[in-house]
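Trainee: generate coordinates for the sequence data below:
(one chain, ligands or ions: 1)
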Amino acid sequence: MTLENLPAWSALENHAATTAGIHPRELFNLMPERAKNMSLTAGPLWMDYSKNLITAETISLLLKLAEARELPREIAAMYAGEKINRTENRAVLHVALRAARDEVYRVDGVNVVDQVYAVRDRMAAFGEQVRNGEWLGFTGKRIKNVVNIGIGGSDLGPVMVYEALKHYSDRNLTVRFVSNVDGTHLAEATRDLNAEETLFIIASKTFTTQETMTNAHSARTWLIGQLGDAAAVARHFVAVSTNAAGVRDFGIDTANMFEFWDWVGGRYSLTSAIGLSLVIALGKDHFDALLKGYRTMDQHFKNAPLAENMPVILGLLGVWYINFLEGSSHAILPYDQYMHRFPAYFQQGDMESNGKSVTRDGEAALHATGPIIWGEPGTNGQHAFYQLIHQGTSLIPCDFIGFAKSLNPVGDHHDKLMANFFAQQEALAFGKTENEVREEGTPEELVPFKTFDGARPCTSIMAEQLTPEVLGNLIALYEHKIFVQGVIWDIYSFDQWGVELGKQLAKRILPELAEKKAAPENHDASTNAQIAWYLQHRD
Ligand SMILES: O=P(O)(O)OC[C@H]1O[C@H](O)[C@H](O)[C@@H](O)[C@@H]1O
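Mentor: Presented below is the predicted three-dimensional model:
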């Protein structure tokens with residue numbers, strides 16, 4: 001049965017029609033226990049979702065929808081290693097990457113946890129060698145710089161976690177990330193580095209990605225140019241990939257390759273060997289703690305009843321806004337400077353997973369799917385785009401992420417940060433009525449401009465402090481939230497065919513640029529004109 005024909009769906013449509021417009025002021029009056037009833041804990045995380053535009057009935061109808069979509073069975077299928085990524089015929093087992101050593105996750109009958117730990121042990125040993133100076137560069141110097149070359153899932157996760165956990169990192173190491181095929185990225189990342197002290201990690205699941213391969217070859221040329229000997233590559237390049245042949249062809253000894261598997265999606269690969277730069281920067285213990293945090297959330301997601309399941313509730317709230325209240329975007333607002341790449345990380349995680357318009361039976365989806373994810377750390381966002389969230393015409397549900405303790409307690413900075421965290425949510429939900437504006441003595445002609453409607457939904461997610469474990473919890477929370485939504489929307493969340501066409505066309509255009517013909521004629525008129533303009537101005 002299609003989603004739209006499910007009784008649970010129509011019930012939500014009717015419910016939306018009758019409840020739309022109930023203001024949080026009223027909602028809190030109607031249910032004084034609301035803040036208590038609409039909050040959840042999972043491991044170290046506490047989530048208050050009472051400022052959302054929902055009643056208890058909304059949640060109960062959303063849960064019915066989840067049941068109708070057989071969410072518990074789908075969750076079990078993922079954990080059982082079923083090939084739920086059907087368009088690529090692959091299991092989706094990133095949860096196995098953070099399993100305990102004695103747990104069992106099988107793909108095609110084989111317990112993959114053994115393989116996971118074999119690689120994790122090698123990563124830990126290698127990371128330790130680099131950190132303690134046992135692993136030396138070609139000229140016998142200690143490694144002081146680590147450059148991760150990768151893109152998408154082979155870049156965004158490591159960058160995000162490196163930034164988020166900088167407090168825990170080895171400050172004697174310079175760690176950089178190069179992703180863009182724009183030569184500027186590599187040039188700026190290497191310009192002040194001594195090649196003798198620099199280790200490149202080439203991170204690519206496929207080891208065919210144009211950007212990464214181009215950057216890797218240029219880095220190799222740079223290194224050989226600096227050190228004058230191709231033999232230096234062996235001490236300065238390691239690889240992270242599923243493609244051993246590709247790694248060998250590049251010239252990296254597979255002894256220096258850290259493996260992962262096709263049942264790990266790129267954007268879910270952070271806890272695989274893709275995290276090698278983090279093992280080096282943070283050390284094994286912190287990396288293990290990060291994975292332990294993931295695991296706590298993995299267990300919660302697997303075992304908690306739907307009504308108390310944090311990723312489920314977060315996912316269902318998103319469905320409510322996207323499908324029933326036309327809220328097509330979703331802001332993630334971490335009130336922590338270290339987490340400044342967290343929204344960018346989940347732009348890929350969420351938008352590449354659920355940016356789909358075909359349901360699992362191959363038919364056009366008749367309902368909206370994945371949200372546009374965006375955000376910046378508070379308080380910067382407040383002085384930039386919050387105006388539109390408070391008074392614009394779009395409904396933008398927001399997640400506020402905050403911590404009780406700062407890792408850098410400076411004066412009263414943290415209380416000020418958190419005062420804003422609370423105040424913004426209060427303002428968004430409750431607004432300021434015309435009368436309240438008038439009572440402040442506002443001239444009548446300014447009243448409409450200074451009025452805040454409120455009823456802008458937000459969810460607060462808090463933890464005591466940003467630790468590796470807590471970060472792991474938060475990342476897994478959003479990973480599973482994406483899963484929940486993909487199930488509800490009846491789409492495949494673990495493929496990404498939508499990125500292919502542009503890649504194919506770029507491959508076709510590249511030789512045309514090399515040929516230096518004045519004006520190509522084999523594209524549409526606009527593309528022909530752009531290429532002609534480029535060639536004319538380039539040469
Ligand atoms: O790790 P790689 O194989 O180099 O892939 C890097 C990225 O490229 C692809 O275009 C996909 O859209 C991403 O999901 C992937 O993370």
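
Trainee: contact partners for the closest residue to Ala77 other than its chain neighbours?
Mentor: Spatial nearest neighbour of Ala77, excluding adjacent residues (C-beta to C-beta, 6 or more residues apart in numbering): Ile84 at 5.5 Å. Where C-beta positions appear, they are placed from N, C-alpha and C, glycine not excepted. Applying C-beta atoms under 8 Å, 6 or more residues apart in numbering, we find Ile84 in contact with 74, 77-78, 91-92, 494.

Trainee: number of nearby residues for the residue of the stretch 351-500 of the chain found nearest the ligand?
Mentor: Closest approach between the stretch 351-500 of the chain and the ligand, counting by C-beta to the nearest ligand atom: Val499, at 3.9 Å. As a burial measure, Val499 scores 11 neighbours (other C-beta atoms under 10 Å).

Trainee: thinking it is in contact with Glu352, fair?
Mentor: Yes: at 7.2 Å, Val499 and Glu352 qualify as touching, with contact defined as C-beta atoms under 8 Å.

Trainee: sorry, back to before: turn the contacts of Ile84 into CSV, including pLDDT and distance to Met31.
Mentor: Listed next are the contacts of Ile84 as CSV, based on pLDDT from 0 to 100; distance: C-beta to C-beta, whole Å:
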residue, pLDDT, distance to Met31
Glu74, 98, 31
Ala77, 98, 36
Met78, 98, 34
Ala91, 98, 43
Val92, 98, 38
Phe494, 98, 38
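
Trainee: in CSV: the residues you listed, plus neighbour count.
Mentor: Formatted as CSV, the contacts of Ile84 follow (neighbours: other C-beta atoms under 10 Å):
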residue, neighbour count
Glu74, 17
Ala77, 16
Met78, 21
Ala91, 24
Val92, 24
Phe494, 25
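
Trainee: could I get the residues you listed as TSV with distance to the ligand and secondary structure?
Mentor: Output for the contacts of Ile84, formatted as TSV (distance: C-beta to the nearest ligand atom, whole Å; DSSP: H, G, I helix; E, B strand; the rest coil):
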residue	distance to the ligand	secondary structure
Glu74	22	helix
Ala77	22	helix
Met78	18	helix
Ala91	17	coil
Val92	13	coil
Phe494	10	coil
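
Trainee: biggest separation within the residues you listed, which pair?
Mentor: Glu74 and Ala91 (13.5 Å; C-beta to C-beta).

Trainee: how close does the residue nearest to Ala77 sit to Leu3?
Mentor: Taking C-beta to C-beta, to the nearest Å as the measure, Ile84 falls 18 Å from Leu3.

Trainee: also Pro397?
Mentor: Pro397 is 20 Å from Leu3, by C-beta to C-beta.

Trainee: higher neighbour count, these two?
Mentor: Pro397 (23 against 19).

Trainee: which one is Arg360 nearest to, not counting chain neighbours?
Mentor: According to C-beta to C-beta, 6+ apart, the nearest residue to Arg360 is Asp490 (5.3 Å).

Trainee: how about the helices in the stretch 151-300 of the chain?
Mentor: 156-164, 183-190, 210-227, 233-236, 244-250, 276-282, 284-303 (DSSP state H, counting those that start in this stretch).

Trainee: which helices and strands does the second one pack with?
Mentor: The reference is to helix 183-190. Counting contacts by 3 or more C-beta pairs under 8 Å, 6 or more residues apart in numbering; DSSP states H and E, helix 183-190 packs against strand 145-149, strand 174-178, helix 210-227.

Trainee: ok, which of those comes nearest the ligand?
Mentor: Here helix 210-227 is closest among the helices and strands packed on helix 183-190 (C-beta to the nearest ligand atom), at 4.9 Å.

Trainee: look up phi and psi at Asp48.
Mentor: Here is the backbone geometry of Asp48 (degrees, to the nearest 10): phi -110, psi 110.

Trainee: is there a neighbour count for Val312? I'd like the number.
Mentor: Counted with other C-beta under 10 Å, Val312 comes out at 28.

Trainee: contacting residues around it?
Mentor: Here Val312 is in contact with 66, 71, 301, 304, 306, 480, 484 (C-beta under 8 Å, 6+ apart).

Trainee: just name the most buried of the helices and strands packed on helix 183-190.
Mentor: Highest mean neighbour count of the helices and strands packed on helix 183-190: strand 145-149, a mean of 25 (counted as mean count of other C-beta atoms under 10 Å).

Trainee: partners of that one, with directions?
Mentor: strand 174-178 (parallel), strand 198-203 (parallel) (DSSP bridges).

Trainee: just the pLDDT for Lys517.
Mentor: Per-residue pLDDT puts Lys517 at 69.
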